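Trainee: Just need the structure, nothing else, for what follows:
(one chain, ligands or ions: 1)
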Amino acid sequence: MKFTLGKKDTQTKARTGTLITDHGDIQTPIFMPVGTAATVKAVHQRELKDDIKAQIILGNTYHLYLRPGLDILEKAGGLHKFNGWDRPILTDSGGYQVFSLAGTRKIKEEGVMFKSHIDGSKHEFTPENVMDIQRTIGADIIMAFDECTPYPCEYGYARNSMELTHRWLKRCINRFDTTEGKYGYSQTLFPIVQGSVYKDLRKQSAEFIASCDREGNAIGGLSVGEPAEMMYEMTELVTDILPSDKPRYLMGVGTPANILECIALGVDMFDCVMPTRNARNGMLFTSEGIINIRNEKWKDDFNPIDPAIGNYASTFYSKAYLRHLTISKEILAAQIASIHNLAFYLWLVGQAREHILAGDFGVWKDHMVKKVSTRL
Ligand SMILES: CO[C@@H]1O[C@H](CNc2nc3cc4c(=O)[nH]c(N)nc4cc3[nH]2)[C@@H](O)[C@H]1O
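Mentor: Below you'll find the model as predicted:
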């Protein structure tokens, strides 16, 4: 994988770039739709490509390992062949899901023992087998096996958790660098900065991660319930230390406003379940602000959902129609709202890229942060 920097903004730390992978190029800043269990929920691959203009999507090691399982994925020739998404894929390592989803888990130096949330079966993730699992899934970008330090937590817990993540990272690197991809294209491993909300730990973790000299770096342990101001403070502290010639991925972030603020702090890659999860509950992100489509006020609003972002679903369907589908619990509601929200997120980061190139990102960002946060 190769990353070439494009233009650096003069008023903020925002920058454009291009990530070159064996499954295609990615223009940054970029938002990555979450496709947890081999699917971006309610959305076809064609819609992802043509309507949403997604450039890279996520998969999840924890979920894919449990179902459909490695045997099926290997027989299919990897995840790209299995779900038909032939552009880049990034998989999270399970370092978050094991702590947030799995039943009873036990963290040891060796790894994490856990029970499947599906059938209660017992499993163990170690840095080594999580690398092997992600080799089999075949994502272009894979994440190190880490502990996403819970928030809030005591300083001592945060330090021990960060140090465990660093020891696990060394084992991930040793395993990854001594194994090959299984499907004839290259994969790359991103390490993950931890340190919770403690400045000295964040600095220490960012310096260690930077010293590993990998092709990209991720910022973890955020978007876990901390106040937004704290997320921004930790993000800025870390991006000032991570190398500027490598892509920076802020995991699990976030709202449209969070994404714009963190682009201004020098982050290049984002993922979040919000556009798809909130879509299924009738919460729409639009270029004019946030809409709760269930609200009575939309029942006879026959205007399109959001023609400004220029995709089929947001232009063809009216708010009144989508409200009807949503309160009627029609399947099509989830499809239209998910496509719309994801198209909005891709439109927003695309606009950010254009304004960085045009040299007016700072002013545009401040205006848009207010606009996208307005409750309509
Ligand atoms: C704002 O949405 C809520 O918050 C979650 C996103 N927040 C988040 N923070 C993360 C941190 C890590 C990490 O430190 N390590 C690894 N490996 N993966 C991670 C994944 C993460 N996702 C959504 O699931 C949703 O519940």
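
Trainee: Distance of the one residue sitting closest to the centre of the chain relative to Ser223?
Mentor: Nearest to the geometric centre of the chain sits Asp271, at 1.9 Å (Cα atoms, centre = their mean). Here Asp271 is placed at a distance of 10 Å from Ser223 (Cβ to Cβ, to the nearest Å). Any C-beta I mention is one placed from the backbone N, CA and C, and that applies to glycine too.

Trainee: Now the common contact residues for these two.
Mentor: Met251, Gly252, Val253 (Cβ atoms under 8 Å, 6 or more residues apart in numbering).

Trainee: Tell me the residues of the protein that contact the ligand?
Mentor: 92-93, 95-96, 143, 146, 148, 192, 220-221, 223-224, 251-252, 254, 272-274 (Cβ under 6 Å from any ligand atom).

Trainee: Can you flag which of those residues belong to helices?
Mentor: Met274 (DSSP state H).

Trainee: residues contacting Arg135?
Mentor: By Cβ under 8 Å, 6+ apart, the contact set of Arg135 is Ile142, Phe176, Thr179, Glu180, Gly181, Lys182, Gln187.

Trainee: Derive a ChimeraX selection command for the buried subset of the residues you listed.
Mentor: Buried members of the contacts of Arg135, defined by 16 or more other Cβ atoms under 10 Å, are picked up in ChimeraX with:
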select :142,176,182,187
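
Trainee: and the contacts of Arg135, which of them are in strands?
Mentor: Of those, the ones assigned to strands by DSSP state E are Ile142.

Trainee: Could you point out which of the contacts of Arg135 is nearest to the ligand?
Mentor: Relative to the ligand, the closest of those is Ile142; by Cβ to the nearest ligand atom it sits at 10.5 Å.

Trainee: How about the closest one, nearest residue that isn't a chain neighbour?
Mentor: Gln134 (3.9 Å; Cβ to Cβ, 6 or more residues apart in numbering).

Trainee: Run a quick check on that neighbour versus Gly95, I expect a contact.
Mentor: No: in this structure Gln134 lies outside contact range of Gly95 using Cβ atoms under 8 Å: 11.4 Å.

Trainee: which residues are common contacts for the two?
Mentor: Common neighbours of Gln134 and Gly95 (Cβ under 8 Å, 6+ apart) are Met143.

Trainee: higher neighbour count, the two?
Mentor: Set Gln134 next to Gly95 and count neighbours by other Cβ atoms under 10 Å: Gln134 wins out with 29 against 25.

Trainee: in the strand or helix carrying the more buried one, what counts as buried?
Mentor: In the assignment (DSSP states H and E), Gln134 maps to helix 127-137. Of the residues in helix 127-137, Pro127, Glu128, Val130, Met131, Ile133, Gln134, Arg135, Thr136, Ile137 count as buried by neighbour count, 16+ other Cβ under 10 Å.
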